[in-house]
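[1] Can you look at this prediction? I've put the sequence above it.
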Amino acid sequence: MVDHLPNLGREAEMLQALGLSSMDDLFSDIPESIKRVGPLDLPPPQTEEEIWTEAQRLLSANVPINSRPNFLGAGLYENFVPSMVAAMATRGEFLTAYTPYQPEVSQGMLQALWEFQTMISELVALPVSNVSVYDASTAAAEALTCATRVNNRKAEQKNVVYVTKWLPEHRLSVIENYTAGGSIEIRTLDWNNEGMIDLVAAESAVGSCAVYVEQPNPFGIIDENLPKLKQIIGENCALIVGVNATSLGLLEAPGNWGADIVVGEGQPFGIGATAGGPIYGLFACTDKYLRQMPGRIVGQTIDDRGNDAFTLTLSTREQHIRRHKATSNICSNETLIALMGSMHMALLGPIGLERLALRNAASCQVARNGVLSIKGVELLYPNSSSYNEFTVVLPGSAKSALSHLDSLGVTGGLALEDTTLQASEKWLHITATDQTTEDDVVALVEGLKSWISSFAQEVEA
């Protein structure tokens, strides 16, 4: 321990204890080129009126997705959310509630979150759900680290996990960040020529800790090979399935065909795209992974009078238990947003959920038929089935097509070149939801036709 130095200021005392002579020495590792020298180049102070005027100018540069035909999705979806959700979520007891550490004063919120867990468990057909994590990407990454902790002891391929091919860069990046600290090796499962998991190649994952796949897959394809995957990889390898949550109103729940952990983006239930956030991630699992799952779980019990009661249980966060036994650093989950999701699901009910899924699938089919009727446009995997999004191959740059469509007032989709490693510049990802109208599809089709016509003229020239 360093003796106290009464004649020095605290800053000087700490510097001397570190063997440094100045604050510049303390930050000497920072390159000079990125250090700020002198005051920031900021405008002079503004009045409240001036700030509001400037804020309105900046906000007007945004184009609300529901103000024009929109075919952008790939993870965040524009589904109809009943007005009742916002009306209920903005009630004071929900809107201002914080993490319910004190169960005696938080029974309402705790019960609502327990209901959320119950609905997610029923939706994915697994016995346990937490009260959400940050988003689908953190859920996928947490699932892989959770599965490694559980299965590594029996694994032949120690610290090895497999992920499906063509994962979006943002999801793969989060997975890589989470697994790096645990020295977990990520390998890739290839697809067959129909855009589905190659079951022969999947045999290479036998003996590993986990396999992560998505249903529908990153190109919007319903992978009919996935129900056979668990039988191949075995009981000591976790099958982790990332889902499009609304698709489960139509597709078989992953828990019924072998999934050990199901993750996904909850955003389609309860909220709009909201400029990318806040959103919430789903996480459910079998009993085997319960004590290693991340986040918080609300449990049901009885109080000292024999009445039903609810409390946080199995919170594996480092602030709740001894740090060396924590299984995750997930902190405040998206409680209010997840609660909005449970309100939406409760309002839908089983029949409403099925109807929502059918509307998404039908809109996708109408858009797909329209786009594929255009000469020069082909489906990336011609024999595949889609849920509410699909990927086409254009005769030219997808970015060029999107720019042309934007000039016509249509948000035409996503150029996969920007989001997916090794994707072709010609791949365009198109999403249709329950909010897509026939007029929207006509605008997209006519816009693509006019772009292809101008593109052909440029090629000839």
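    That came through fine. Numbering: from 1, shown residues only.
[2] can you pull out the strands in the stretch 301-450 of the chain?
    With DSSP state E, counting those that start in this stretch as the criterion, the stretch 301-450 of the chain has strands at 308-313, 378-379, 389-393, 414-415, 427-431.
[3] between the ones you listed, which one is nearest to Phe116?
    Nearest to Phe116, of all the strands of the stretch 301-450 of the chain, is strand 308-313, at 11.7 Å by CB to CB. In this view, the C-beta of every residue, glycine as well, is placed from N, C-alpha and C.
[4] Can I get that closest one in CSV, CA atoms only?
    Provided in CSV are the C-alpha atoms of strand 308-313 (Å, rounded to 0.1, in the frame of the first residue of the first chain):
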residue,chain,number,x,y,z
ASP,A,308,-49.9,-16.7,-5.4
ALA,A,309,-46.8,-14.5,-5.5
PHE,A,310,-44.0,-13.7,-7.9
THR,A,311,-40.4,-12.9,-7.5
LEU,A,312,-37.1,-12.7,-9.5
THR,A,313,-35.2,-15.9,-9.4
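[5] Pull up the pairing partners for it, direction included.
    The strands beside strand 308-313 in its sheet (DSSP bridges) come out as strand 297-302 (antiparallel).
[6] Pull up the gap between the residue nearest the centre of the chain and Ser400, please.
    For the chain, the residue nearest the mean C-alpha position is Ala136 (2.5 Å; CA atoms, centre = their mean). According to CB to CB, to the nearest Å, Ala136 and Ser400 sit 30 Å apart.
[7] And for Pro127?
    Distance from Pro127 to Ser400, by CB to CB: 49 Å.
[8] Looking at these two, which one has more neighbours?
    With neighbours defined as other CB atoms under 10 Å, Pro127 and Ser400 compare such that Ser400 has more, 17 against 11.
[9] How about the contacts made by the more buried one?
    Trp451, Phe455 (CB atoms under 8 Å, 6 or more residues apart in numbering).
[10] How much space separates it from Gly412?
    11 Å.
[11] Tell me the helix or strand right after the lowest-mean-pLDDT helix or strand in the chain.
    Among the helices and strands of the chain, helix 92-95 carries the lowest confidence by mean pLDDT, DSSP states H and E, at a mean of 82. Downstream of helix 92-95, the next assigned helix or strand under DSSP states H and E is helix 107-124.
[12] which neighbours does whichever helix or strand comes after that following helix have in its sheet, and in what orientation?
    Tracing the chain C-terminally past helix 107-124 and defining elements by DSSP H and E, one meets strand 128-129 next. Strand pairing for strand 128-129, using DSSP bridges, gives strand 281-285 (antiparallel).
[13] what does the domain assignment say about the chain?
    With domains defined by automatic domain parsing, the chain comprises 1-33, 83-345, 354-460.
[14] Export those domains as a markdown table, with columns for distance to Arg68.
    Shown next, in a markdown table, are the domains of the chain (distance: least, CB to CB, whole Å):
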| stretch | distance to Arg68 |
| --- | --- |
| domain 1-33 | 42 |
| domain 83-345 | 14 |
| domain 354-460 | 5 |
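[15] Tell me which of the ones you listed lies nearest to Glu48.
    Nearest of those (CB to CB): domain 83-345, 24.0 Å.
[16] for the closest one, the distance to its chain's centre please.
    10 Å (CA atoms, centre = their mean, to the nearest Å).
[17] ok, now stretch 23-37?
    Centroid separation for stretch 23-37 versus its chain: 37 Å, with CA atoms, centre = their mean.
[18] what's next to it, contact-wise?
    Against stretch 23-37 from outside (CB under 8 Å, 6+ apart): Glu11, Leu15, Leu18, Leu20.
[19] Please work out the average pLDDT along that stretch.
    The average of the pLDDT scores along stretch 23-37 is 85.
[20] Buried residues of the longest helix seen in the chain, list them for me.
    Identified as the longest helix of the chain according to DSSP state H is helix 335-372. Buried residues in helix 335-372, counted by 16 or more other CB atoms under 10 Å: 335-346, 348, 353, 356-357, 359-361, 363-368, 370-371.
[21] Going by contacts, tell me the helices and strands next to that helix.
    Applying 3 or more CB pairs under 8 Å, 6 or more residues apart in numbering; DSSP states H and E, we find helix 335-372 packed against helix 83-89, helix 92-95, helix 107-124, strand 378-379, strand 389-393, strand 427-431, helix 438-460.
[22] Mind listing residues that contact the first one?
    It stands for helix 83-89. Helix 83-89 has contacts (CB under 8 Å, 6+ apart) with Phe94, Leu95, Gly270, Leu336, Leu339, Met340, Met343, His344, Leu347.
[23] Max pairwise distance over those: which two?
    By the measure CB to CB, Leu95 and Leu347 form the most distant pair in those, at 18.3 Å.
[24] circling back: which among the contacts of helix 83-89 gets closest to Pro64?
    Gly270 (18.4 Å).
[25] surely that closest one meets Met343?
    Yes - the pair Gly270 / Met343 is scored as a contact, 6.4 Å apart, by CB atoms under 8 Å.
[26] what does stretch 431-445 rub up against?
    Counting by CB under 8 Å, 6+ apart, 66, 69-74, 77-80, 220, 356, 359-360, 363-364, 366-368, 370-371, 373-374, 388-389, 405, 408-410, 412-414, 430 sit against stretch 431-445.
[27] Run the chain-centre distance for that stretch.
    The answer for stretch 431-445 is 24 Å, by CA atoms, centre = their mean.
[28] if we can go back for a sec, could you list which of the contacts of stretch 23-37 belong to helices?
    Going by DSSP H, the helices hold Glu11, Leu15 from those.
[29] Just the buried residues out of the contacts of stretch 23-37, in PyMOL syntax.
    Buried residues among these (16+ other CB under 10 Å), as a PyMOL selection:
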select buried, resi 15
